[in-house]
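Asker: Sharing a model prediction with you, sequence too.
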Amino acid sequence: MGIAVITAALVIILSAFNGIEQMVSRLYSDYDPSISMRSLEGKTFDSTAVNLNDLRKVPGVISLSKAIEETVIIKHGKKWINARMVGVDYSFTEACNLEKHLVDGYPYLEENGEPTAVIGASLLDKIDGYISEMDGYEELTLYTPLRDASIARLKSPFKVSPLKVVGRMNFNKDVNMSDLLVPINYAEVQLNYGTDITAIYFHIKKENIESVKEILVAKFGKKFLIKTAAEKNELIFKTSESEKKIVVLILLFIFILAAFNLVASLNMLFIEKKENIETMERFGATKRFIFQIFFFEGILIAFKGILIGLVLGVGVCLLQMQFVLLQMPNSGGEAFPMILQVKDVLFIFAMVVILSVLSSYFPVRYLVKRTIDGI
């Protein structure tokens, strides 16, 4: 039973970590572009200096979007807060599946010819805003820093404009707390950027990301910083992977401790059958034959535990995936993610089999040597 419980725990834990990894990847990778390209020489660069049509023709590129990123101030009532305004076009909202990540409202950046915005869910909550079902929007005041503005002239260094927010988005904590999506042409006017932009976002097929990056680095590597989404969120993904490995090592160590029960069982069995062993020896049983009897007895016990554990672990995972036995905290009923992978089950099976064989072989070998002269 000890072997069964630990084997089942290994299956469940690995499946849970697979689900968490996919969830983290979805939350960050959906919003973050597959590849982003920014100038190494300054905050902005002239978009006409890069042939966007040629970039769209690079094999593997699904779409690309010009982007303008700037820190702004938004006001609602008496509340003020900093936000990161991100000016994008329709191709970006489509690539990041914005509609699927809406808490409420609509995924539109334009309505009746007027610019609208989609805001991070937590950001709107912090300024006590909400999207009215009657009006379908919340109106904020946007303070955008003016380019080349001088405070010494006693004029406001900000351009003040009203902005309708028509949707709240929920991607990840960072985006929810900081980002405000607006149309790129609106951002250009607000910041007086003209043809200048701060980044180009690429949406690329997953299998082509590295090859596209190599092409872009070869063409623009001296003037532009080119990063994949995985490189941008490297710490998050590496932390998740490290946690998974550490937990697996801990559980394998616990399995080794559980295997001592198997050693104790074999020891008791050997003592109980000592007279039978002597009888078998008188009938001509060889020492190797006696060793094999107890060794395979240990293997039989271990394999029963392993098979029960695998069935139990896989069963719990399938039940969670099908019937949602456990929900994510503060998620509004979202199921705790589980992804059962055949390679993980095979890895667990191989590891516990190896540990079980070793736990049977060495104790039995020692017991036979101690009881019978040599083996």
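Answerer: Perfect, thanks for sending it. Just so it is clear, the model here is predicted, and its values are computed rather than measured.

Asker: Quick check: buried residues in the helix or strand of the chain with the lowest mean pLDDT?
Answerer: When the helices and strands of the chain are scored by mean pLDDT, DSSP states H and E, helix 234-272 comes last with a mean of 84. Neighbour counts over helix 234-272 (16 or more other Cβ atoms under 10 Å) mark 236-237, 244, 247-248, 251, 255, 258-259, 262-263, 266, 269-270 as buried. For glycine as for every other residue, the C-beta is placed from the backbone atoms N, C-alpha and C.

Asker: Also stretch 311-323?
Answerer: Residues of stretch 311-323 classed as buried by neighbour count (16+ other Cβ under 10 Å): 312, 313, 314, 316, 317, 320, 321.

Asker: Widest-spaced pair of those?
Answerer: 312 and 321 (15.1 Å; Cβ to Cβ).

Asker: if you go through the protein in chain order, where are the strands?
Answerer: Assigned by DSSP state E, the chain shows strands spanning 35-39, 45-46, 61-76, 79-88, 102-105, 110-111, 114-120, 138-145, 158-169, 179-183, 196-197, 199-204, 224-228.

Asker: Which parts of the chain belong to which domain?
Answerer: Using automatic domain parsing, the domain ranges for the chain come out as 2-23+236-371, 33-232.

Asker: Quick one: mean pLDDT over the longest one.
Answerer: By that I understand domain 33-232. What domain 33-232 shows for mean pLDDT is 91.

Asker: that older thread, of the buried residues of stretch 311-323, closest to residue 58?
Answerer: Distances from residue 58 to the buried residues of stretch 311-323, taken by Cβ to Cβ, are shortest for residue 321, at 37.8 Å.

Asker: one step back: need the buried residues of stretch 311-323 in TSV with distance to residue 122 and pLDDT, can you?
Answerer: What follows is the buried residues of stretch 311-323, written out as TSV (distance: Cβ to Cβ, whole Å; pLDDT from 0 to 100):
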residue	distance to residue 122	pLDDT
312	39	96
313	36	96
314	37	96
316	33	96
317	32	95
320	28	94
321	29	93
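
Asker: Next step: these restricted to helices.
Answerer: Of those, the ones assigned to helices by DSSP state H are 312, 313, 314, 316, 317, 320, 321.

Asker: average pLDDT across stretch 276-287?
Answerer: Predicted confidence along stretch 276-287 averages 88 (mean pLDDT).

Asker: Compute the first-to-last residue distance for that stretch.
Answerer: The straight-line separation of the ends of stretch 276-287 (Cα to Cα, to the nearest Å) is 13 Å.

Asker: which residues does residue 323 contact?
Answerer: Taking Cβ atoms under 8 Å, 6 or more residues apart in numbering, we find residue 323 in contact with no residue.

Asker: for the residue in the chain sticking out farthest from the centre, what are its contacts?
Answerer: What lies farthest from the middle of the chain is residue 282; by Cα atoms, centre = their mean that is 64.0 Å. If a contact means Cβ under 8 Å, 6+ apart, then residue 282 has no contacts.

Asker: circling back to that earlier point, a markdown table please, covering the buried residues of stretch 311-323 and showing distance to residue 68.
Answerer: Compiled in a markdown table, those are given as follows (distance: Cβ to Cβ, whole Å):
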| residue | distance to residue 68 |
| --- | --- |
| 312 | 54 |
| 313 | 49 |
| 314 | 49 |
| 316 | 48 |
| 317 | 45 |
| 320 | 43 |
| 321 | 42 |
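
Asker: Kindly indicate which of the residues you listed lies nearest residue 228.
Answerer: residue 321 (29.8 Å).

Asker: Spatially nearest residue to residue 210 (excluding sequence neighbours)?
Answerer: Closest residue to residue 210 apart from its sequence neighbours, by Cβ to Cβ, 6 or more residues apart in numbering: residue 228 at 7.7 Å.

Asker: again but with residue 259, I slipped
Answerer: residue 359 is the one closest to residue 259 (Cβ to Cβ, 6+ apart), at 3.9 Å.

Asker: mind listing what that neighbour touches?
Answerer: 256, 259, 260, 262, 263, 298, 302.

Asker: Using a markdown table, please lay out those residues together with distance to residue 187.
Answerer: Shown next, in a markdown table, are the contacts of residue 359 (distance: Cβ to Cβ, whole Å):
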| residue | distance to residue 187 |
| --- | --- |
| 256 | 59 |
| 259 | 62 |
| 260 | 65 |
| 262 | 66 |
| 263 | 69 |
| 298 | 70 |
| 302 | 64 |
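
Asker: In those residues, find the pair that's most separated.
Answerer: Farthest pair in the contacts of residue 359, by Cβ to Cβ: 256 and 298, 14.6 Å.

Asker: related to what we said a few turns ago, for the residue farthest from the centre of the chain, give its distance to residue 275.
Answerer: 11 Å (Cβ to Cβ, to the nearest Å).

Asker: what's the answer for residue 264, then?
Answerer: 20 Å.

Asker: Counting neighbours, what do you get for residue 50?
Answerer: 18 (other Cβ atoms under 10 Å).

Asker: Surely it is in contact with residue 202?
Answerer: No: judged on Cβ atoms under 8 Å, residue 50 makes no contact with residue 202 at a distance of 11.9 Å.

Asker: For residue 94, the count of nearby residues, please.
Answerer: Residues near residue 94, counting by other Cβ under 10 Å: 15.

Asker: Tell me what residue 182 is bridged to.
Answerer: Beta bridges link residue 182 to residue 87, judged by DSSP bridges.

Asker: For burial, what's the neighbour tally of it?
Answerer: By other Cβ under 10 Å, 25 other residues sit near residue 182.

Asker: Report the contact partners of it.
Answerer: Counting by Cβ under 8 Å, 6+ apart, residue 182 has contacts 85, 86, 87, 88, 109, 115, 117, 163.

Asker: Residue 263 now?
Answerer: Contacts of residue 263 by Cβ under 8 Å, 6+ apart are 359, 363.

Asker: now do 10 Å
Answerer: By Cβ atoms under 10 Å, 6 or more residues apart in numbering, the residues touching residue 263 are 298, 359, 360, 362, 363, 364, 366, 367.
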